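Chemist: Structure for this input, please:
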Amino acid sequence: MNETSPEIRDRVAEILAGLEAGREDEARRLAEQFDQWSGPIEVSPEDIDASTAQLDAQTIADIDHAHLHIRRFALAQLDSLQECRIEIEPGLIAGHRNVPVDVAGCYVPAGRYAHIASALMSVTTASAAGVPNIVVTSPARHDRGGVHPAILHAAKVAGAHRVLGLGGVQGIGALAYGLFTGLEADMIVGPGNSYVAEAKRQLFGRVGIDVVAGPTESMIAADDSADAHMVATDLIGQAEHGPTSPVWLVTTSPDLAAKVNEIAGRLAEELPGDASAAASSAWRDYGEIMVVDTPEEAAQVCDDYAPEHLQILANDLSWWRDRLRNYGSLFLGPHTNVTFGDKSSGPNHILPTGRAARYSGGLNALKFVKQLTWQELTSEAGHAESGVAARISRLEGMEGHARSADLREIK
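Modeler: The predicted structure follows:
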């Protein structure tokens, strides 16, 4: 349920308070303490441009490919949100405008993995929404000589205006407090560890946020048409995220369940290095296989779990798409894959976890846009409205409101 331990909660509060008081000096101290970085915090435009030269042509092409897909999808989302104007009664005209936030803060993790795709997902979406100031924070590390060059290049391609070499709570705090840039974020987005998630939670209200994310989670719903090796591979591929990342299978096929259970652990062990340890722990401690009798029962399990990623490897994909209600993002059929969504296919990968998909979707272009209502009344409409508003105000005991309405009764 995305709960935070008291120890993490207290430590994050302490760090945020120190940052608000100590500002840039405290951020520099934390960068050196946590990432052994004592160089410049803001990455210069020249260094951002130079990051491209450190990448091979295929990497640059892949980043361009993913960026194109993400931007096209974000622009399509934005086009779905229309401004409106309606004459509710003669002379009473109202509407709303769609206005992007002024400053978006995008956090890009770069600990065990350098999350190049997260830079594209957050920055591209803010840029497509028309945000005029986009600030990125990502850890600058001594062993990398600063911010990861592929993250810098991705941020540049996606439309970032400023980049700070700060990770963790200090990165989130810098966005909220406008450190080094003078630009206090209106919205902070992006994935991160439990400390980053807690920092966003504590700052919510002062700033807007996308989601308070817990460990990555994935569910597969499958029937007897699914290939057991594919199911197991896709589950273990997501378990690689970390040792507490749950992966779930619900199926109408006992035979498929048995085969997946037989091979999944071996596939986790075959991954290299840290990935093997993370996936093996996640599968052992958080993996689940559930066998049900009907597709409807399987769909209900999916809705109850409300997973971040939901993959369907079953017949009648249109039925599943129309039936399911609670998920962060849906992946339909054997040619579709959560990895595609994580990296390059287009829809955003910053998604709700911990059953938050019951009431929220993931990051999208509309998250950066405010719907601002307006209204304008003619003299005649104001006269007609004044009596109703004044009477309701007096029923509520709000005489000042009523007298304000009374003034409009005079033509």
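Chemist: ranges for the strands of the protein?
Modeler: 84-89, 92-100, 103-107, 133-137, 162-164, 187-189, 208-209, 218-222, 247-251, 288-291, 309-313, 329-332, 369-377 (DSSP state E).
Chemist: okay, those in CSV with distance to residue 387 next?
Modeler: The way it works is simple: take the backbone N, C-alpha and C, and place the C-beta from them, glycine included. Listed next are the strands of the chain as CSV, based on distance: least, Cβ to Cβ, whole Å:
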stretch, distance to residue 387
strand 84-89, 13
strand 92-100, 14
strand 103-107, 43
strand 133-137, 46
strand 162-164, 53
strand 187-189, 41
strand 208-209, 38
strand 218-222, 56
strand 247-251, 58
strand 288-291, 61
strand 309-313, 53
strand 329-332, 50
strand 369-377, 13
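Chemist: Just say which of these is most tucked in.
Modeler: strand 103-107 (a mean of 30; mean count of other Cβ atoms under 10 Å).
Chemist: Report the inter-axis angle for that strand versus strand 133-137.
Modeler: Angle, strand 103-107 to strand 133-137, by axes from the mean of the first three to the mean of the last three Cα atoms, to 10 degrees: 20 degrees.
Chemist: Strand partners (parallel or antiparallel) of strand 103-107?
Modeler: Applying DSSP bridges to the sheet, strand 103-107 is found paired with strand 133-137 (parallel), strand 187-189 (parallel).
Chemist: Just the mean pLDDT for that strand, thanks.
Modeler: For strand 103-107, mean pLDDT is 98.
Chemist: and the strands paired with strand 103-107 as JSON lines, adding distance to residue 13 and mean pLDDT?
Modeler: Listed next are those as JSON lines, based on distance: least, Cβ to Cβ, whole Å; pLDDT from 0 to 100:
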{"stretch": "strand 133-137", "distance to residue 13": "19", "mean pLDDT": "98"}
{"stretch": "strand 187-189", "distance to residue 13": "17", "mean pLDDT": "97"}
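Chemist: Adding distance to residue 306, write these out as TSV.
Modeler: Listed next are those as TSV, based on distance: least, Cβ to Cβ, whole Å:
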stretch	distance to residue 306
strand 133-137	29
strand 187-189	20
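Chemist: residue contacts, the residue most central in space within the chain?
Modeler: Note on the chain: the residue nearest the mean C-alpha position is residue 350, at 2.9 Å, using Cα atoms, centre = their mean. For residue 350, the contact set (Cβ atoms under 8 Å, 6 or more residues apart in numbering) comprises 118, 121, 122, 189, 190, 191, 210, 211, 213, 362, 363.
Chemist: and what of residue 298?
Modeler: Counting by Cβ under 8 Å, 6+ apart, residue 298 has contacts 221, 250, 251, 252, 292, 314.
Chemist: quick check, nearest of the residues you listed to residue 13?
Modeler: residue 250 (38.8 Å; Cβ to Cβ).
Chemist: quick revisit: the strands paired with strand 103-107: which one's closest to residue 238?
Modeler: That would be, of those and by Cβ to Cβ, strand 187-189, which comes in at 21.4 Å.
Chemist: On the pLDDT front, check residue 2 for me.
Modeler: On the pLDDT scale, residue 2 gets 56.
Chemist: re the thing from before, among the contacts of residue 350, which are located in helices?
Modeler: 118, 121, 122 (DSSP state H).
Chemist: okay if I get those as JSON lines plus pLDDT and distance to residue 337?
Modeler: Compiled in JSON lines, the ones in helices among the contacts of residue 350 are given as follows (pLDDT from 0 to 100; distance: Cβ to Cβ, whole Å):
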{"residue": "118", "pLDDT": "93", "distance to residue 337": "18"}
{"residue": "121", "pLDDT": "95", "distance to residue 337": "17"}
{"residue": "122", "pLDDT": "96", "distance to residue 337": "21"}
